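1. Give me a 3D structure for the following:
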Amino acid sequence: MKKLSVVLLSLVTAFSCSSDQSTADAFDGEVILSGKIENPREGLILLEEFTDEGVVVRDTISLDAQSSFELPVAIKEPTFFSFNLYGERQITLALFASDIKLTVDASEGGDYTVEGSTDTEYVKQIDDVMQRYQETINELNTEYYEAMSQKDEEQMKAIQARGLASDKAKNDELVKVIKDMDGSFSAIYALQHLNTREYFGFLDTLSADLVKNYPNSKYTIRLREQIDNMRALSFGQVAPEIALPNPEGDTLRLSDYRGSYVMIDFWAAWCRPCRAENPNVVRLYEKYHDKGFEVFGVSLDRGKPEWVKAIADDGLTWPQVSDLQYFNSQAAATYKVDAIPATFLLDPEGKIIAKDLRGPALEAKLAELFGE
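-> Presented below is the predicted three-dimensional model:
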């Protein structure tokens, strides 16, 4: 489960570049947005801009007798806009240095085409990837709840494994799309859908290249600063200390568990995916604890009674800590956790060796570590 955040806006303020520097140098500060709406109907069509302050309406688009439109858009740098059709459908546009022609079928389920803007074509590729992924996840969710209603744990595990495989395939495809963009700033749009912790090395290289190409850009500098902040959580780094109270009020420290393989488990009583995963972690903890496996639970709950009850109900016998600050938790901030469940697996020296393992993936990793 993920806390509410405007991911795209944070990325827009962190990253800006152009795939063609010579074109950017000659850019006159205006893009012509034109196109046609097929099967139009009554309602507002708005052009909205993603800004630091939020989504801001830039203009209202009027159609002529042929349902066509043309609108000059003044911009200073690569920017994302939303083509808001009747308040029911939003098409993301990546605008900079190239005029763009947009043809939209306004009927239910209608598609759209882009001409003139390679950057926006890349955005559409990303949307297509995410649409296919979402359709798969919707099907898996339906199957999962059916299996859960029948208490078929084996089927539930199998569906979880398929979900993890689908997520990895989606991330891998997004990385390929970004690499094929050849420096287009549309990569920003893809990053909101990418597991940044898992693909840190890729992002590190990407941000370094952008800083070289745009050394004076505040956006690329800011992105590089964010990547540097993430470096402390990359593979091979010693995990930052966590020192928080357990339910009894005693302060426990993550570093006290050096010498074991430790999984930091960010969870909460209110998080259904976390609670669904707990039986799997309990089973693996019982299997490998005596061989050197420890779990360090960090709750993002707000209330102690709910937290303590969930620990008891789920049979969690490993160390548990929390400052009961939800996503404002000190530990969540340190580990850049904005969605749970989230896990970090540490080796006996306290170095990060894996992230976000659960279900069959966690079981396979532990079997590998303990020689099974």
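2. now the strands for the stretch 1-150 of the chain?
-> With DSSP state E, counting those that start in this stretch, the ranges of strands along the stretch 1-150 of the chain come out as 30-38, 45-51, 54-60, 68-74, 79-85, 89-95, 100-105, 112-115.
3. and those, which is most packed in?
-> strand 79-85 (a mean of 21; mean count of other CB atoms under 10 Å). (Each C-beta comes from the backbone N, C-alpha and C, glycine too.)
4. Counting by contacts, list what that strand packs against.
-> Counting contacts by 3 or more CB pairs under 8 Å, 6 or more residues apart in numbering; DSSP states H and E, strand 79-85 is packed against helix 7-12, strand 45-51, strand 89-95, strand 100-105.
5. could these be laid out in a markdown table, adding mean pLDDT?
-> Converted to a markdown table, the helices and strands packed on strand 79-85 look like this (pLDDT from 0 to 100):
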| stretch | mean pLDDT |
| --- | --- |
| helix 7-12 | 39 |
| strand 45-51 | 92 |
| strand 89-95 | 92 |
| strand 100-105 | 95 |
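6. Now find how far off-centre stretch 195-209 is within its chain.
-> Mean-position distance between stretch 195-209 and its chain equals 13 Å (CA atoms, centre = their mean, to the nearest Å).
7. ditto for stretch 159-179
-> Relative to the mean C-alpha coordinate of its chain, stretch 159-179 is positioned 12 Å out (CA atoms, centre = their mean).
8. C-alpha coordinates for that stretch, CSV please?
-> Extracted in CSV, the C-alpha atoms of stretch 159-179 (Å, rounded to 0.1, in the frame of the first residue of the first chain):
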residue,chain,number,x,y,z
ILE,A,159,-0.7,-16.0,-7.9
GLN,A,160,1.7,-14.0,-5.8
ALA,A,161,4.6,-15.5,-7.7
ARG,A,162,3.0,-14.6,-11.0
GLY,A,163,2.4,-11.0,-9.7
LEU,A,164,6.0,-10.6,-8.8
ALA,A,165,7.1,-12.0,-12.2
SER,A,166,4.8,-9.6,-13.9
ASP,A,167,6.1,-6.7,-11.9
LYS,A,168,9.7,-7.6,-12.8
ALA,A,169,8.8,-7.9,-16.5
LYS,A,170,7.1,-4.5,-16.4
ASN,A,171,10.2,-2.9,-14.8
ASP,A,172,12.5,-4.5,-17.3
GLU,A,173,10.4,-3.3,-20.2
LEU,A,174,10.4,0.2,-18.8
VAL,A,175,14.2,0.2,-18.5
LYS,A,176,14.4,-0.9,-22.1
VAL,A,177,12.1,1.9,-23.2
ILE,A,178,14.1,4.5,-21.3
LYS,A,179,17.3,3.2,-22.8
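9. May I see the buried residues of that stretch?
-> In terms of neighbour count (16 or more other CB atoms under 10 Å), stretch 159-179 has its buried residues at 159-160, 162-164, 166-167, 170-171, 173-175, 177-178.
10. Over that stretch, what's the mean pLDDT, rounded is fine.
-> Model confidence over stretch 159-179, given as mean pLDDT, is 90.
11. follow-up on the earlier one: and of the strands of the stretch 1-150 of the chain, who's closest to Thr220?
-> Among the strands of the stretch 1-150 of the chain, the nearest to Thr220 by CB to CB is strand 79-85 (14.8 Å).
12. and the angle from that closest one to strand 45-51?
-> 150 degrees (axes from the mean of the first three to the mean of the last three CA atoms, to 10 degrees).
13. show me where pLDDT drops low in this protein?
-> 1-28, 197, 210, 213-214, 216-219, 372 (pLDDT under 70).
14. middle-most residue in it, spatially?
-> Nearest to the geometric centre of the chain sits His193, at 4.5 Å (CA atoms, centre = their mean).
15. And this structure, what are its domain boundaries?
-> 7-116, 123-213+228-233, 243-369 (automatic domain parsing).
16. Just put those in a markdown table and tack on distance to Thr220.
-> A markdown table is the format used below for these (distance: least, CB to CB, whole Å):
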| stretch | distance to Thr220 |
| --- | --- |
| domain 7-116 | 6 |
| domain 123-213+228-233 | 4 |
| domain 243-369 | 20 |
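17. now for those domains, which one comes closest to Arg222?
-> For Arg222, the closest of the domains of the chain is domain 7-116, at 4.9 Å, according to CB to CB.
18. just to revisit the earlier point, quick one, which of the strands of the stretch 1-150 of the chain is nearest to Arg224?
-> When the strands of the stretch 1-150 of the chain are compared by CB to CB, strand 79-85 sits nearest Arg224, at 20.0 Å.
19. Off-centre distance for that closest one?
-> Averaging C-alpha positions (CA atoms, centre = their mean) puts strand 79-85 20 Å from its chain's average.
20. Ok, stretch 222-237 next?
-> Per CA atoms, centre = their mean, the centroid offset for stretch 222-237 relative to its chain is 16 Å.
21. distance between the ends of it?
-> 22 Å (CA to CA, to the nearest Å).
22. Buried residues of that stretch, list them for me.
-> Across stretch 222-237, burial judged by 16+ other CB under 10 Å covers Leu223, Arg224, Gln226, Ile227, Met230, Leu233.
23. ok so, going back, quick one: which two of the buried residues of stretch 159-179 are the most distant?
-> Within these, Ile159 and Ile178 form the most distant pair, 28.8 Å apart (CB to CB).
24. before we move on, back to that, quick check: which of the helices and strands packed on strand 79-85 is nearest to Val211?
-> Among the helices and strands packed on strand 79-85, the nearest to Val211 by CB to CB is helix 7-12 (16.0 Å).
25. my guess is Leu362 contacts Arg283, does it?
-> No - Leu362 is not in contact with Arg283 according to CB atoms under 8 Å; the separation is 10.3 Å.
26. If anything else comes up later, I'll come back, but that's it for now.
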